[in-house]
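Enquirer: quick one: sequence plus predicted model below, questions after.
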Amino acid sequence: MSRALAELGREGTVVVRPGAGTFVAQPTATSGRADLPDYSWQTVVLAERAIDTEGLSALADPPHADGVISLATGYAHPSLMPHAALRSALMRAARWPDAWDRPPAAGLHGLRAWFARETGPGTDARDVLITGGAQGAMSAAFRALVPAGAPLLVESPTYSGALSAARAAGIRPVPVPADRDGIIPEHLAEAIARTGAQALYCQPAYSNPSGAVLAAGRRQAVLDLAGAAGAFVIEDDCGRWLSHRQQAPATLLSDDTDGRVVYLTSLTKAAAPSLRIGALIARGPAASRLQALRAVDDTFVSRPLQQAALELVTSPAWERHLETLNQALGRRALALLAAISRRLPAVSATLPDGGMHLWVTLPQDSDDAVTTDAARRNNVIVMPGRPFFPAEAPAPHLRLTFSAAADEAELDEGIRRLAAAAPELTA
């Protein structure tokens, strides 16, 4: 009871008055008042809206609200998180004598060394910069390497959060078509020639949203085209620990010989949403610029969180967790695809080798936004495809996530609700 009251007190629901008792907090009136401050002046000062969060809206949705099934939130369900290992890691981290001291600006050496080993041979711990997750790392990489107003080549479709980060920095995302084998080198060459872009953002392993893996025959072509243009390749490898059936492909960074690839990854997807630990890897002047920018942005990442992450990934529990997680994600992907095939015969989807999503193509005359709204009214949350395209989408899509549901039965129920909400997909 005391724990529950303490939690309600922190939320402001109750007020504890020592010696008197616990009372329900009085609500603060915020509507219907004539004396509310006038903020209209801010509209003139702020001018054009520069921050587009459309593609990140699903992250704000409560994934486990009563009666609602989320096929949109890109995090793991609590049943897929290594809670015991996380608790143990956090307890061990707290016991270190210097647990609350300021860490090195670039991050704890042990954690930097671990990320360096994970990315493949040739990476030194000194090349690694620890970050507070991948989104901030991505934003820093864009701002460090691409001037405001300049073009940034991106796969199409691509992670919508990357498009938001680029636009918030005043950078112009330019689409380069991709298919099941990743970005198409011929189109990449054309885009480089047309725009003079000096950076490419790509996801070679388990791309979000499509699940595509860059084909072996295209890897060197991408690096060669970037080299010929004097351009950076920003490699987003946040799906590295989300393989379903086999080991993740080698990083592009492992084939880089001249500091062309700037690499980013994160533990968040594979561990827990609040383990906001990621890494940026760069060499040469680019690394110095990134370090300076990160110092300006947030100085350093919390030492206890870094130490807890290091305790987690260097324990035997981490490998066991990854094996369990990978198998579970593979089963969920199969279950979701089976439910789609059974209940939504008018759509098409392909089973990915890794990641958390199925990329679904709707009939050409469908409207993905209308479908998304109808689904929400029927208590299932899905993401429309258009925020994943930097320009007009060539066809309507949905991104359906299989990681946030409670189990495979809930995935089937989510598709049943989607079918009931959008009967045109069942014909």
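Expert: Sure, I can see it.
Enquirer: rest of the way, CA atoms for contacts and neighbours
Expert: Noted.
Enquirer: now stretch 367-386: buried residues?
Expert: 367-369, 371-376, 378-386 (16 or more other Cα atoms under 10 Å).
Enquirer: show me what the biggest strand by length in the chain is packed up against.
Expert: Ranked by residue count, the top strand of the chain under DSSP state E comes out as strand 172-179. Counting by 3 or more Cα pairs under 8 Å, 6 or more residues apart in numbering; DSSP states H and E, the packing neighbours recorded for strand 172-179 are strand 151-156, helix 160-168, helix 185-195.
Enquirer: for the shortest one, output the C-alpha coordinates as PDB.
Expert: Included here for strand 151-156 are C-alpha records, laid out as PDB according to Å, rounded to 0.1, in the frame of the first residue of the first chain:
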ATOM      1  CA  PRO A 151      21.300  17.100 -50.000                       C
ATOM      2  CA  LEU A 152      21.500  13.800 -48.100                       C
ATOM      3  CA  LEU A 153      20.900  10.700 -50.200                       C
ATOM      4  CA  VAL A 154      18.700   8.100 -48.500                       C
ATOM      5  CA  GLU A 155      17.200   4.800 -49.400                       C
ATOM      6  CA  SER A 156      13.600   4.900 -50.400                       C
END
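Enquirer: what lines up beside it in the sheet?
Expert: Strand 151-156 pairs in its sheet with strand 172-179 (parallel), strand 199-202 (parallel), by DSSP bridges.
Enquirer: tell me which of the ones you listed sits nearest to Ala191.
Expert: strand 172-179 (6.8 Å; Cα to Cα).
Enquirer: what sits up against whatever helix or strand comes next after the closest one?
Expert: Per DSSP states H and E, the first helix or strand lying C-terminal to strand 172-179 is strand 182-183. Under the criterion Cα atoms under 8 Å, 6 or more residues apart in numbering, residues 155, 176-177, 202, 204, 212-215 lie in contact with strand 182-183.
Enquirer: and what of stretch 396-406?
Expert: In contact with stretch 396-406 (Cα under 8 Å, 6+ apart) are residues 63, 69-77, 79, 209, 329, 332-333, 336, 356-364, 366-368, 382-386, 411.
Enquirer: restricted to helices, list the residues you listed.
Expert: 329, 332-333, 336, 368, 411 (DSSP state H).
Enquirer: my guess is Ala106 contacts Ala125, does it?
Expert: No - judged on Cα atoms under 8 Å, Ala106 makes no contact with Ala125 at a distance of 10.0 Å.
Enquirer: about what we covered before: deepest-packed of the helices and strands packed on strand 172-179, please.
Expert: Of those, the one with the most neighbours on average (mean count of other Cα atoms under 10 Å) is strand 151-156, at a mean of 25.
Enquirer: among the contacts of strand 182-183, name the buried ones.
Expert: Buried among the contacts of strand 182-183 (16+ other Cα under 10 Å): 155, 176-177, 202, 204, 212-215.
Enquirer: could I get the residues you listed as JSON lines with pLDDT and distance to Met138?
Expert: Conversion of those to JSON lines gives the following (pLDDT from 0 to 100; distance: Cα to Cα, whole Å):
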{"residue": "Glu155", "pLDDT": "98", "distance to Met138": "15"}
{"residue": "Val176", "pLDDT": "98", "distance to Met138": "19"}
{"residue": "Pro177", "pLDDT": "97", "distance to Met138": "21"}
{"residue": "Cys202", "pLDDT": "98", "distance to Met138": "11"}
{"residue": "Pro204", "pLDDT": "97", "distance to Met138": "15"}
{"residue": "Ala212", "pLDDT": "96", "distance to Met138": "20"}
{"residue": "Val213", "pLDDT": "97", "distance to Met138": "20"}
{"residue": "Leu214", "pLDDT": "97", "distance to Met138": "20"}
{"residue": "Ala215", "pLDDT": "97", "distance to Met138": "23"}
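Enquirer: same list (the residues you listed) but as CSV, adding distance to Pro394.
Expert: Shown next, in CSV, are those (distance: Cα to Cα, whole Å):
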residue, distance to Pro394
Glu155, 14
Val176, 12
Pro177, 10
Cys202, 19
Pro204, 22
Ala212, 17
Val213, 20
Leu214, 21
Ala215, 22
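Enquirer: please parse the chain into its domains.
Expert: As given by automatic domain parsing, the domain ranges for the chain are 56-82+318-425, 98-315.
Enquirer: distance from the longest one to the middle of the chain?
Expert: Okay, so that is domain 98-315. 12 Å (Cα atoms, centre = their mean, to the nearest Å).
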